[in-house]
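Chemist: just a sequence and a predicted model for now, questions to come.
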Amino acid sequence: MTLHLHFCSRAAARYAVEHWHYSKSLPPDPRVQIGVWEADRFIGCVLFSRGAAPNMLRPYGLAMTEGCELTRVALGKHSAPVSRIVSIAVGLLRKQSPGLRLVVSYADPVHGHHGGIYQAMGWRYLGLTAGDSLFRGPDGKLWHRRMVSPTGIKRVYGKARRVLRFDQCERIDTPGKHRYALALDRALLPKLESLSRPYPKRPERGGSETVDTLGLHPREGGWTPTPPLHPSTDATPSRPSTPGGAARTNRVG
(Lines give C-alpha, C1' and ligand atoms only; values in the text may rest on other atoms or scores of the structure.)
Protein backbone atom coordinates (compact mmCIF):
# COMPACT_ATOMS: atom_id res chain seq x y z
CA MET A 1 0.00 0.00 0.00
CA THR A 2 1.54 3.30 -1.14
CA LEU A 3 1.47 6.03 1.53
CA HIS A 4 1.91 9.68 0.49
CA LEU A 5 1.73 12.91 2.52
CA HIS A 6 1.72 16.43 1.11
CA PHE A 7 0.32 19.86 1.93
CA CYS A 8 -3.40 20.00 1.18
CA SER A 9 -6.08 22.61 0.63
CA ARG A 10 -8.35 24.13 3.27
CA ALA A 11 -11.30 22.39 1.60
CA ALA A 12 -9.57 19.01 1.92
CA ALA A 13 -8.70 19.64 5.57
CA ARG A 14 -12.26 20.72 6.31
CA TYR A 15 -13.63 17.60 4.63
CA ALA A 16 -11.35 15.42 6.74
CA VAL A 17 -12.19 16.97 10.12
CA GLU A 18 -15.93 17.09 9.39
CA HIS A 19 -15.99 13.41 8.44
CA TRP A 20 -13.27 11.83 10.62
CA HIS A 21 -12.58 13.98 13.70
CA TYR A 22 -14.79 14.33 16.76
CA SER A 23 -14.39 18.15 16.82
CA LYS A 24 -15.99 18.49 13.36
CA SER A 25 -14.14 21.79 12.95
CA LEU A 26 -10.88 23.34 11.75
CA PRO A 27 -8.64 25.13 14.25
CA PRO A 28 -8.31 28.88 13.56
CA ASP A 29 -5.82 30.25 11.02
CA PRO A 30 -2.92 30.18 10.57
CA ARG A 31 -2.21 26.47 10.36
CA VAL A 32 -0.26 23.85 8.42
CA GLN A 33 -2.48 21.32 6.60
CA ILE A 34 -0.90 18.03 5.55
CA GLY A 35 -3.01 15.64 3.53
CA VAL A 36 -2.66 11.87 3.62
CA TRP A 37 -3.16 9.50 0.67
CA GLU A 38 -3.03 5.72 0.35
CA ALA A 39 -2.98 4.23 -3.14
CA ASP A 40 -3.79 7.71 -4.52
CA ARG A 41 -6.94 7.89 -2.35
CA PHE A 42 -7.32 10.83 0.05
CA ILE A 43 -7.81 9.39 3.56
CA GLY A 44 -7.43 12.40 5.85
CA CYS A 45 -5.12 15.08 7.19
CA VAL A 46 -2.75 16.08 9.97
CA LEU A 47 -2.98 19.71 11.15
CA PHE A 48 -0.53 21.88 13.07
CA SER A 49 -1.60 25.33 14.25
CA ARG A 50 -1.75 27.83 17.06
CA GLY A 51 -2.94 26.42 20.34
CA ALA A 52 -5.51 27.73 22.75
CA ALA A 53 -3.01 28.31 25.57
CA PRO A 54 -0.97 31.51 25.00
CA ASN A 55 1.66 30.42 27.55
CA MET A 56 2.03 26.87 26.25
CA LEU A 57 5.76 27.24 25.53
CA ARG A 58 6.71 29.19 28.64
CA PRO A 59 7.67 26.10 30.72
CA TYR A 60 10.32 25.28 28.11
CA GLY A 61 11.78 28.78 27.87
CA LEU A 62 10.69 29.20 24.25
CA ALA A 63 9.23 32.09 22.30
CA MET A 64 5.88 31.52 20.61
CA THR A 65 7.57 31.32 17.20
CA GLU A 66 9.71 28.37 18.33
CA GLY A 67 6.99 25.79 18.80
CA CYS A 68 3.56 24.65 17.68
CA GLU A 69 0.81 22.27 18.63
CA LEU A 70 -0.40 19.22 16.77
CA THR A 71 -4.08 20.10 16.44
CA ARG A 72 -5.92 17.46 14.50
CA VAL A 73 -5.29 13.95 13.21
CA ALA A 74 -8.39 13.24 11.13
CA LEU A 75 -8.23 9.91 9.31
CA GLY A 76 -10.78 7.69 7.61
CA LYS A 77 -10.16 4.06 6.73
CA HIS A 78 -6.41 3.50 6.41
CA SER A 79 -3.77 0.77 6.50
CA ALA A 80 -0.65 2.60 7.71
CA PRO A 81 -0.13 2.99 11.48
CA VAL A 82 -1.11 6.42 12.79
CA SER A 83 2.34 6.78 14.36
CA ARG A 84 3.96 6.44 10.94
CA ILE A 85 1.59 8.97 9.37
CA VAL A 86 2.18 11.54 12.12
CA SER A 87 5.96 10.99 12.06
CA ILE A 88 6.07 11.72 8.32
CA ALA A 89 3.89 14.81 8.84
CA VAL A 90 6.29 16.08 11.51
CA GLY A 91 9.17 15.56 9.07
CA LEU A 92 7.42 17.70 6.45
CA LEU A 93 6.72 20.36 9.07
CA ARG A 94 10.39 20.48 10.12
CA LYS A 95 11.57 21.01 6.54
CA GLN A 96 9.00 23.71 5.90
CA SER A 97 9.49 25.55 9.23
CA PRO A 98 13.16 25.09 10.19
CA GLY A 99 12.91 27.47 13.16
CA LEU A 100 10.66 25.12 15.11
CA ARG A 101 12.15 23.52 18.22
CA LEU A 102 9.18 21.82 19.88
CA VAL A 103 5.80 20.26 19.06
CA VAL A 104 3.23 19.90 21.86
CA SER A 105 -0.01 17.94 21.79
CA TYR A 106 -2.77 16.82 24.10
CA ALA A 107 -4.81 13.64 24.58
CA ASP A 108 -8.26 14.20 26.00
CA PRO A 109 -9.56 11.63 28.54
CA VAL A 110 -13.09 12.96 27.93
CA HIS A 111 -12.91 11.29 24.51
CA GLY A 112 -11.24 8.14 25.83
CA HIS A 113 -7.72 9.18 24.75
CA HIS A 114 -4.61 8.56 26.83
CA GLY A 115 -1.91 9.30 24.22
CA GLY A 116 -1.00 5.78 23.11
CA ILE A 117 0.04 6.97 19.67
CA TYR A 118 2.39 9.59 21.15
CA GLN A 119 3.85 6.85 23.28
CA ALA A 120 4.43 4.73 20.18
CA MET A 121 6.42 7.63 18.68
CA GLY A 122 8.51 8.20 21.81
CA TRP A 123 7.12 11.61 22.75
CA ARG A 124 7.74 12.81 26.31
CA TYR A 125 4.80 12.69 28.68
CA LEU A 126 4.57 15.86 30.78
CA GLY A 127 1.55 15.13 32.98
CA LEU A 128 -2.01 16.40 33.10
CA THR A 129 -3.09 19.97 32.50
CA ALA A 130 -5.42 21.64 34.98
CA GLY A 131 -9.09 20.75 34.78
CA ASP A 132 -11.36 23.02 32.77
CA SER A 133 -14.96 23.60 31.75
CA LEU A 134 -16.77 23.14 28.45
CA PHE A 135 -20.08 24.72 27.49
CA ARG A 136 -22.75 22.80 25.63
CA GLY A 137 -24.76 24.98 23.25
CA PRO A 138 -28.44 24.56 22.29
CA ASP A 139 -27.41 22.35 19.35
CA GLY A 140 -25.42 20.02 21.62
CA LYS A 141 -22.02 21.22 20.39
CA LEU A 142 -19.32 21.71 23.04
CA TRP A 143 -17.37 24.98 23.24
CA HIS A 144 -14.34 26.05 25.26
CA ARG A 145 -14.86 29.03 27.57
CA ARG A 146 -12.77 31.20 25.23
CA MET A 147 -15.56 30.81 22.66
CA VAL A 148 -18.38 31.84 25.05
CA SER A 149 -18.96 35.22 26.67
CA PRO A 150 -21.50 37.07 28.86
CA THR A 151 -22.45 39.39 25.98
CA GLY A 152 -22.30 37.07 22.98
CA ILE A 153 -19.33 38.98 21.50
CA LYS A 154 -15.73 37.80 21.85
CA ARG A 155 -12.39 38.87 20.38
CA VAL A 156 -10.79 35.86 18.74
CA TYR A 157 -7.22 36.37 17.43
CA GLY A 158 -7.81 40.12 17.42
CA LYS A 159 -11.19 40.10 15.65
CA ALA A 160 -14.62 40.57 17.22
CA ARG A 161 -17.01 37.72 16.46
CA ARG A 162 -20.39 36.50 17.64
CA VAL A 163 -20.32 33.62 20.10
CA LEU A 164 -22.79 31.96 22.45
CA ARG A 165 -23.61 33.58 25.79
CA PHE A 166 -22.98 31.72 29.03
CA ASP A 167 -26.70 31.79 29.83
CA GLN A 168 -27.39 29.93 26.57
CA CYS A 169 -25.13 27.02 27.52
CA GLU A 170 -24.85 24.18 29.97
CA ARG A 171 -21.52 24.16 31.85
CA ILE A 172 -19.67 20.84 31.98
CA ASP A 173 -16.57 20.48 34.18
CA THR A 174 -13.85 18.33 32.59
CA PRO A 175 -10.61 16.71 33.82
CA GLY A 176 -7.21 17.85 32.60
CA LYS A 177 -5.70 16.60 29.33
CA HIS A 178 -2.62 14.43 28.96
CA ARG A 179 0.24 16.60 27.68
CA TYR A 180 2.98 15.30 25.37
CA ALA A 181 5.95 17.01 23.69
CA LEU A 182 8.42 16.20 20.93
CA ALA A 183 11.78 17.99 20.84
CA LEU A 184 12.89 19.02 17.34
CA ASP A 185 16.04 20.54 18.85
CA ARG A 186 18.30 18.18 20.82
CA ALA A 187 19.23 21.07 23.12
CA LEU A 188 15.73 20.80 24.62
CA LEU A 189 16.08 17.14 25.58
CA PRO A 190 17.51 17.76 29.10
CA LYS A 191 14.65 20.14 29.87
CA LEU A 192 12.02 17.67 28.69
CA GLU A 193 13.73 14.85 30.55
CA SER A 194 13.52 16.84 33.79
CA LEU A 195 9.79 17.35 33.28
CA SER A 196 8.96 13.84 32.04
CA ARG A 197 6.68 11.45 33.90
CA PRO A 198 5.76 7.78 33.36
CA TYR A 199 3.33 7.17 30.52
CA PRO A 200 -0.33 6.87 31.55
CA LYS A 201 -1.97 3.52 30.89
CA ARG A 202 -4.79 2.93 28.48
CA PRO A 203 -8.20 3.07 30.22
CA GLU A 204 -9.57 -0.39 30.95
CA ARG A 205 -12.90 0.59 29.43
CA GLY A 206 -14.01 3.24 27.00
CA GLY A 207 -10.59 4.03 25.52
CA SER A 208 -10.51 4.67 21.77
CA GLU A 209 -6.75 4.47 21.26
CA THR A 210 -4.30 1.64 20.89
CA VAL A 211 -0.54 1.73 21.19
CA ASP A 212 -0.51 2.12 17.42
CA THR A 213 -3.76 2.52 15.55
CA LEU A 214 -4.80 0.92 12.26
CA GLY A 215 -7.96 0.68 10.23
CA LEU A 216 -11.17 2.68 10.35
CA HIS A 217 -11.33 5.24 13.15
CA PRO A 218 -13.96 7.82 12.18
CA ARG A 219 -13.51 9.74 15.45
CA GLU A 220 -9.82 9.07 16.02
CA GLY A 221 -7.24 11.77 16.53
CA GLY A 222 -8.14 14.26 19.25
CA TRP A 223 -4.85 16.15 19.16
CA THR A 224 -4.86 19.89 19.43
CA PRO A 225 -1.90 22.35 18.09
CA THR A 226 -0.41 25.94 19.03
CA PRO A 227 2.05 28.89 18.21
CA PRO A 228 2.07 31.23 15.24
CA LEU A 229 1.95 29.92 11.72
CA HIS A 230 2.73 32.45 9.03
CA PRO A 231 1.17 32.34 5.53
CA SER A 232 3.56 31.12 2.87
CA THR A 233 3.11 29.89 -0.69
CA ASP A 234 0.50 27.85 -2.53
CA ALA A 235 1.41 24.34 -3.57
CA THR A 236 -0.38 21.65 -5.55
CA PRO A 237 -0.49 18.16 -4.02
CA SER A 238 1.09 15.53 -6.21
CA ARG A 239 -1.94 13.32 -5.63
CA PRO A 240 -4.99 14.64 -7.56
CA SER A 241 -7.74 13.01 -5.52
CA THR A 242 -7.91 15.64 -2.76
CA PRO A 243 -11.40 17.05 -2.17
CA GLY A 244 -10.99 20.79 -2.69
CA GLY A 245 -8.15 21.20 -5.17
CA ALA A 246 -4.96 23.22 -4.66
CA ALA A 247 -3.18 23.20 -1.33
CA ARG A 248 -2.10 26.14 0.79
CA THR A 249 0.94 25.89 3.03
CA ASN A 250 1.67 27.98 6.12
CA ARG A 251 4.93 28.42 7.96
CA VAL A 252 5.37 27.97 11.69
CA GLY A 253 7.98 30.09 13.37
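Modeler: Great, that's in hand.

Chemist: going by C-alpha atoms from here, please, whenever you check contacts or count neighbours.
Modeler: OK.

Chemist: low-confidence bits of the protein, can you list those?
Modeler: Applying pLDDT under 70 to the chain picks out residues 1, 51-52, 157, 204-253.

Chemist: ok, now which ones touch the closest residue to Glu38 other than its chain neighbours?
Modeler: Nearest in space to Glu38, with sequence neighbours left out and distances taken as CA to CA, 6 or more residues apart in numbering, is Leu3 at 4.7 Å. Contact partners of Leu3, counting by CA atoms under 8 Å, 6 or more residues apart in numbering, are 36-39, 80.

Chemist: care to break this protein down by domain?
Modeler: The record assigns the chain these domain ranges, following automatic domain parsing: 3-130+176-252, 132-174.

Chemist: Pro27 reaches Leu70, doesn't it?
Modeler: No. The pair Pro27 and Leu70 does not pass the contact test of CA atoms under 8 Å, sitting 10.5 Å apart.

Chemist: and these two? which has more neighbours close in?
Modeler: Leu70 (25 against 21; other CA atoms under 10 Å).

Chemist: returning to what we had before: looking at the domains of the chain, which is buried most?
Modeler: Highest mean neighbour count of the domains of the chain: domain 3-130+176-252, a mean of 19 (counted as mean count of other CA atoms under 10 Å).

Chemist: looking at the contacts of Leu3, which two lie furthest apart in space?
Modeler: Greatest spacing in the contacts of Leu3, by CA to CA: Ala39 and Ala80 (11.2 Å).

Chemist: what's the offset of stretch 31-41 from the middle of its chain?
Modeler: In this view, stretch 31-41 has its centroid 15 Å away from the chain centroid, taken as CA atoms, centre = their mean, to the nearest Å.

Chemist: my error: substitute stretch 36-55 in the last question.
Modeler: That offset, for stretch 36-55, works out to 7 Å (CA atoms, centre = their mean).

Chemist: dihedrals phi and psi, Lys95?
Modeler: phi -70, psi -40 (degrees, to the nearest 10).

Chemist: now Leu102
Modeler: Dihedral angles (degrees, to the nearest 10) for Leu102: phi -150, psi 140.

Chemist: from what I see, it and Leu182 are in contact.
Modeler: Yes. Using CA under 8 Å, Leu102 is in contact with Leu182, at 5.8 Å.

Chemist: strands along the stretch 101-250 of the chain, start to end?
Modeler: 102-107, 124-128, 132-136, 142-144, 148-149, 153-156, 159-162, 164-165, 170-174, 178-183, 229-235, 247-252 (DSSP state E, counting those that start in this stretch).

Chemist: mind putting the ones you listed in a markdown table, distance to Leu195 included?
Modeler: Shown next, in a markdown table, are the strands of the stretch 101-250 of the chain (distance: least, CA to CA, whole Å):
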| stretch | distance to Leu195 |
| --- | --- |
| strand 102-107 | 13 |
| strand 124-128 | 6 |
| strand 132-136 | 22 |
| strand 142-144 | 27 |
| strand 148-149 | 33 |
| strand 153-156 | 31 |
| strand 159-162 | 36 |
| strand 164-165 | 37 |
| strand 170-174 | 24 |
| strand 178-183 | 10 |
| strand 229-235 | 26 |
| strand 247-252 | 24 |
